[in-house]
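Undergrad: Okay, predicted coordinates and the sequence, questions at the end:
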Amino acid sequence: MLLDKANKLLEQNKLKEAEFHYKTLLATEPENGEALFGLGKIALRLEKFDAAVYLLQKACERLPHMLEPLHALADAFNGVNSPQDALTVLEYAKSLASHNPEPHYYLAQHYLTHGDLDKAHTTFAHALSMGLYPVTAYILFELVQLGRFNKEHNYISNLHHLVTQTNNLRLKMVCYYALGKSYDKLNDTDQAFNYFELANTLQYKLSTFTTKELDPFYDQIIKFNTLDLLATREEDFSATITPVFIIGMPRSGSTLLEQMLISHSECSSLGENTSISNNVVAFLEQKTKTPYPQCLANLTPSLINQARNIYIDTLKTATPLRPIIINKLPSNYQSLGLIYILFPNAKFINLSRNVNATAFSVFSNYFAENEPYFCSLTEFKHYHGLYEKLMTHWNTLRLPVFNLAYEDLVNNPKDQLNTLFEFLGCKYEQNCLSFYNQKRAVTTLSKQAVRQPVNTNAVSKWERYQVPLLKLMNKGDS
């Protein structure tokens, strides 16, 4: 009963309550593997990866035949930058269930994340041969993303068959995205657009709010971030690390830029790190008993110092530790004022892209999150307007923002990087254009694209869909 309640609380993302129940259970049953697994999952969600490794190792010892704790342990090992340990765990999981496609899928994802595309493709293909399972939709999606098919040999019939065999809304949605990608590669743009639209329509049903509901939040950000607020920052602040934030809209090229920058000898990255919104902002809200951004009006030197130390602890987790540490979470643009107060030496790179190209990329890609602007072109248009409105405000506050267009970056990468590195306080290195030769972990939707040299393939791709795209995006405009 206690375990069921804890699991339900975890499912509802009520982490503190779930943790209490798991610990209560462990007080009387210290060897309870399910409770240890629950605590390990909580540690993973909180990005406390060292604790997650410890708890999940204990859980795996007590649940020796369960795959899910092993997959979670692999995630924890990746979180502490131990990909070889993660690989060992995933290979072991596969050996436990050699006829189950799920551990093969997770192993293939590991190969994909670390740039071994051939092994990823082989492992996904082997998993597909095992028959129809819920994970089959995701296997097919990744095989389509890898793009190793043609008109004669493809996955379209597999996808159509799976759609008829499942009533699961999310699995159908994943298949529709994969069908859209398939027809796009085969140059059947009418079919591709139809399936992308079907996928978006299904996913939009899972959204729990509308983008318009964010309007007051953005208005409050503008209201509480003023020149007077920024004037309270420490003028003589100095540090050995420069925090750099790549900001902008999703699907604007941030992964490409990040991979270029971290090929430089002075740069490292945290990836898409949520510490500002999830940890720093949450701390300030708790201490001031007011929500963000209203809590900015209640900042004190002590609170600023404590909040700063929270993010410094995050910076220390970067591997390797270098003078410039990048955070490429695009939505950090909502917190530029706060970040600048905490770190007056911080620098921001606003990466923009043609709005229609960005819209098509969002429209045609599957995001696991169900935010409305990820699965509705009209919602995306509204979200883009909020982003532009807020960036205009930040510009009036004269923050250290470097504006970079994706199109300029891919058309003239060396000159653009030269200028950008001047802004960052270091010199361009030729190695930055050889980023695709590295086997660094990449977990974003661009994990295949960044394994090839910089190119302009994505610049005009949206134009093949211009008429239906703009019609759908402008739907409802007077």
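TA: All right, it came through fine. Numbering: from 1, shown residues only.
Undergrad: what are the ranges of the strands in this protein?
TA: Along the chain, the stretches classed as strands by DSSP state E are 242-248, 267-269, 324-327, 347-352, 401-405.
Undergrad: partner strands of the last one, parallel or antiparallel?
TA: Each strand paired with strand 401-405, and its direction, by DSSP bridges: strand 347-352 (parallel).
Undergrad: Show me what the partner strand is in contact with.
TA: Outside of strand 347-352, the residues that reach it under the criterion CB atoms under 8 Å, 6 or more residues apart in numbering are 242-249, 252-254, 257, 333, 336, 339, 391, 394, 399-406, 409, 420, 423-424. (Each C-beta comes from the backbone N, C-alpha and C, glycine too.)
Undergrad: what's the answer for stretch 183-191, then?
TA: With contacts defined as CB under 8 Å, 6+ apart, stretch 183-191 is touched by 144, 147, 149-151, 154, 156, 179, 192, 195, 364, 464-465.
Undergrad: ok so, going back, quick one: buried ones out of the contacts of strand 347-352?
TA: 242-249, 252-254, 257, 333, 336, 339, 391, 394, 399, 401-402, 404-406, 409, 420, 424 (16 or more other CB atoms under 10 Å).
Undergrad: Among the strands of the chain, which comes closest to Thr122?
TA: Each of the strands of the chain has some distance to Thr122 by CB to CB; the shortest is strand 267-269, at 29.0 Å.
Undergrad: Name the residues that touch the helix or strand following the closest one?
TA: Moving toward the C-terminus from strand 267-269, the next helix or strand (DSSP states H and E) is helix 275. Contact partners of helix 275, identified using CB under 8 Å, 6+ apart, comprise 47, 310-311, 314, 327.
Undergrad: let's see 7 Å
TA: Around helix 275, the neighbours that count as contacts under CB atoms under 7 Å, 6 or more residues apart in numbering are 311, 314.
Undergrad: and that helix, average pLDDT?
TA: Per-residue pLDDT over helix 275 has a mean of 95.
Undergrad: Report the distance from it to the chain centre.
TA: When C-alpha coordinates are averaged (CA atoms, centre = their mean, to the nearest Å), helix 275 and its chain have centres 13 Å apart.
Undergrad: same check, this time on stretch 312-323
TA: Relative to the mean C-alpha coordinate of its chain, stretch 312-323 is positioned 19 Å out (CA atoms, centre = their mean).
Undergrad: For PyMOL, what selects the buried ones among the contacts of stretch 183-191?
TA: Buried members of the contacts of stretch 183-191, defined by 16+ other CB under 10 Å, are picked up in PyMOL with:
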select buried, resi 144+154+156+179+192+195+364+465
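Undergrad: Nearest to Tyr428, out of the contacts of stretch 183-191: which one, please.
TA: Comparing the contacts of stretch 183-191 against Tyr428 with CB to CB picks out Gly147 as the nearest, at 31.5 Å.
Undergrad: Compute the distance between the residue nearest to the closest one when sequence neighbours are not counted and His160, please.
TA: What sits nearest to Gly147 in space, not counting adjacent residues and going by CB to CB, 6 or more residues apart in numbering, is Lys185, at 6.0 Å. To His160, Lys185 is 16 Å away according to CB to CB, to the nearest Å.
Undergrad: Which one of the two is surrounded by more residues?
TA: More crowded of Lys185 and His160, by other CB atoms under 10 Å: Lys185, with 15 against 12.
Undergrad: so what pLDDT did the more buried one get?
TA: The model reports Lys185 with a pLDDT of 96.
Undergrad: before we move on, what about the one 4 residues further on?
TA: For Thr189, the pLDDT comes out at 97.
Undergrad: and what of the one 10 residues further on?
TA: On the pLDDT scale, Ala199 is placed at 97.
Undergrad: That one is in contact with Met173, isn't it?
TA: Yes. Contact between Ala199 and Met173 holds when scored by CB atoms under 7 Å: they sit 5.2 Å apart.
Undergrad: Can you name the residues that contact Arg308?
TA: 342-343.
Undergrad: Leu36 too?
TA: By CB under 7 Å, 6+ apart, Leu36 lies in contact with 55, 58-59, 62.
Undergrad: Pull up the gap between it and Val467, please.
TA: Here Leu36 is placed at a distance of 56 Å from Val467 (CB to CB).
Undergrad: cool, and Lys381?
TA: Relative to Val467, Lys381 is positioned 16 Å away (CB to CB).
Undergrad: Which of those two has more residues huddled nearby?
TA: Shown here are Lys381 and Val467; by other CB under 10 Å, Lys381 has more neighbours (19 against 10).
Undergrad: Please name the nearest non-neighbouring residue to that one.
TA: Per CB to CB, 6+ apart, closest to Lys381 is Met473, 5.4 Å.
Undergrad: Mind checking which of the contacts of stretch 183-191 are in helices?
TA: 144, 156, 179, 192, 195 (DSSP state H).
Undergrad: circling back to that earlier point, so which of the strands of the chain gets nearest Leu73?
TA: Ranking the strands of the chain by proximity to Leu73 (CB to CB) places strand 267-269 first, at 23.9 Å.
Undergrad: before we move on, the earlier item: can you convert the strands of the chain into JSON lines and add a column each for mean pLDDT and distance to Ala368?
TA: As requested, those are arranged in JSON lines below (pLDDT from 0 to 100; distance: least, CB to CB, whole Å):
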{"stretch": "strand 242-248", "mean pLDDT": "98", "distance to Ala368": "20"}
{"stretch": "strand 267-269", "mean pLDDT": "97", "distance to Ala368": "21"}
{"stretch": "strand 324-327", "mean pLDDT": "98", "distance to Ala368": "20"}
{"stretch": "strand 347-352", "mean pLDDT": "98", "distance to Ala368": "22"}
{"stretch": "strand 401-405", "mean pLDDT": "98", "distance to Ala368": "27"}
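Undergrad: Distance check, Glu213 against Val89.
TA: Here the distance between Glu213 and Val89 works out to 41 Å (CB to CB).
Undergrad: Counting neighbours, go ahead and name the busier of the two.
TA: Applying other CB under 10 Å to Glu213 and Val89 shows that Val89 carries more neighbours, namely 27 against 10.
Undergrad: avg pLDDT for stretch 25-37?
TA: Across stretch 25-37, pLDDT averages out at 96.
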